[in-house]
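A.B. asks: Provided below are the primary sequence and the corresponding predicted coordinates.
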Amino acid sequence: MNPKWNGQFSCFDLVAKTDDSMGSIVRAGSVEIGGDDFVVMAGPCAVESERQLLQTAEAVAAAGARILRGGAYKPRSSPYAFQGLGLEGLKILRKAREQTGLAIVTEVMSEQDVDLVAEYADLMQVGTRSMENYALLERLGTCGRPVLLKRGMTATLEEFLRSAQVIAMNGNPQIVLCERGIRTFETATRNTLDIAAVPVLKAVSRLPVIVDPSHAAGVRCLVPVLARAAAAVGADGLLVEVHPSPDQALSDGAQSLTFRGFSDMMDGLQPYLAIRDLERRPAPQLVAVGGRD
Ligand code: PEP
Ligand code: MN
């Protein structure tokens, strides 16, 4: 490992990789994240209706997704935008799990909602805006569910792992890290996908690392290529937004894939999953070879 990283990250001892520690496996329902499988989580940005979610759940399951995403509590940038269905949305997510067998990931925004969301979710999502909400992180330490921690949009990797350490210190080592793009001066995309974050986090941390190409791109045409890049650099999976009619979506329609677009994305990943296997092999030991005298 790069010695600089060792000094920088080793203080986060509950989430850092020590020489002898293997990567952790995180279990969301019956799905294992961090093992050999590339785990795709997909669904709408927001749960809008039973029909919208159940249709999407069927479509993403048929294309190979293992976990259904959908926000019931939405941290919207504008106070005038759709804020989510709340408890009604959680109940719709539960119904989708019963009908499809998919595990559920959904966002929790406040420590006051943790117990309620934990009744419905297999994986508790912490959004980019909440990465440094320490009251929430501390409460998630005792929620009894694994946590999907998204990188703050202006957070360094050190700050990201510091937040993971807070959850772990409070009793919960079942954490998945999610790179979702960071703010830079670039405006052609919504955020800048920090693809190097994946190999760095895999090197310094024992936690699984997934990529959200949707919130990084902000436009649907870039989502498949960023998803392929994530697989090629060795990510453990993806979080992708999919909607039955993206142009009518109440949230994040521009970056949401259609059902067809999602299934094409999944097909296009196949060769990159073979590259991922190569990328994830343990690095070969450097063997000293004799040089010329
Ligand atoms: C989301 O996943 O819909 C979301 C709000 O993501 P982020 O917190 O990364 O913006
Ligand atoms: Mn979204």
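C.D. replies: Nice, I can see it. Ligands and ions are numbered 1, 2, ... in the order given.

A.B. asks: any stretches of the chain with poor pLDDT?
C.D. replies: Scanning the chain for pLDDT under 70 picks out 20-21, 283-293.

A.B. asks: which parts of the stretch 51-200 of the chain are helices?
C.D. replies: 87-100, 114-120, 134-140, 157-169, 197-204 (DSSP state H, counting those that start in this stretch).

A.B. asks: tell me what angle the fourth one forms with helix 197-204.
C.D. replies: Here helix 157-169 points in a direction 50 degrees away from that of helix 197-204 (axes from the mean of the first three to the mean of the last three C-alpha atoms, to 10 degrees).

A.B. asks: also the first one?
C.D. replies: The directions of helix 87-100 and helix 197-204 differ by 80 degrees, with the same axes, to 10 degrees as the criterion.

A.B. asks: buried residues in helix 87-100?
C.D. replies: Buried residues in helix 87-100, counted by 16 or more other C-beta atoms under 10 Å: G89, L90, I92, L93, A96, R97, T100. C-beta coordinates here come from the backbone N, C-alpha and C atoms, glycine included.

A.B. asks: ok, now the last one?
C.D. replies: Neighbour-count burial for helix 197-204 flags A197, V198, V200, L201, K202, V204 (criterion: 16+ other C-beta under 10 Å).

A.B. asks: ok, the second one - contacts?
C.D. replies: Taking C-beta atoms under 8 Å, 6 or more residues apart in numbering as the contact definition, V198 lies against E179, V209, V211, A230, V233, G234, A235.

A.B. asks: can you list the residues of the stretch 101-250 of the chain near ligand 1?
C.D. replies: Selection of the stretch 101-250 of the chain residues close to ligand 1 by C-beta under 6 Å from any ligand atom yields G127, T128, R129, K150, R180, D212, H215.

A.B. asks: can you tell me which two in the buried residues of helix 197-204 are farthest apart?
C.D. replies: Taking C-beta to C-beta as the measure, these span a maximum distance of 11.5 Å, between V198 and V204.

A.B. asks: not counting its neighbours along the chain, what's nearest G253?
C.D. replies: Take G253 and drop its neighbours on the chain: the residue closest to it by C-beta to C-beta, 6 or more residues apart in numbering is P246, 4.4 Å away.

A.B. asks: before we move on, the earlier item: tabulate the buried residues of helix 197-204 (CSV), appending distance to E111.
C.D. replies: CSV is the format used below for the buried residues of helix 197-204 (distance: C-beta to C-beta, whole Å):
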residue, distance to E111
A197, 27
V198, 29
V200, 30
L201, 25
K202, 30
V204, 28
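
A.B. asks: who's the residue nearest the centre of the chain bridged to?
C.D. replies: Nearest residue to the geometric centre of the chain (C-alpha atoms, centre = their mean): C178, 3.9 Å. Using DSSP bridges, the bridge partners assigned to C178 are K150, I210.

A.B. asks: can you put the helices of the stretch 51-200 of the chain in a markdown table and add distance to V39?
C.D. replies: Compiled in a markdown table, the helices of the stretch 51-200 of the chain are given as follows (distance: least, C-beta to C-beta, whole Å):
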| stretch | distance to V39 |
| --- | --- |
| helix 87-100 | 15 |
| helix 114-120 | 20 |
| helix 134-140 | 20 |
| helix 157-169 | 18 |
| helix 197-204 | 14 |
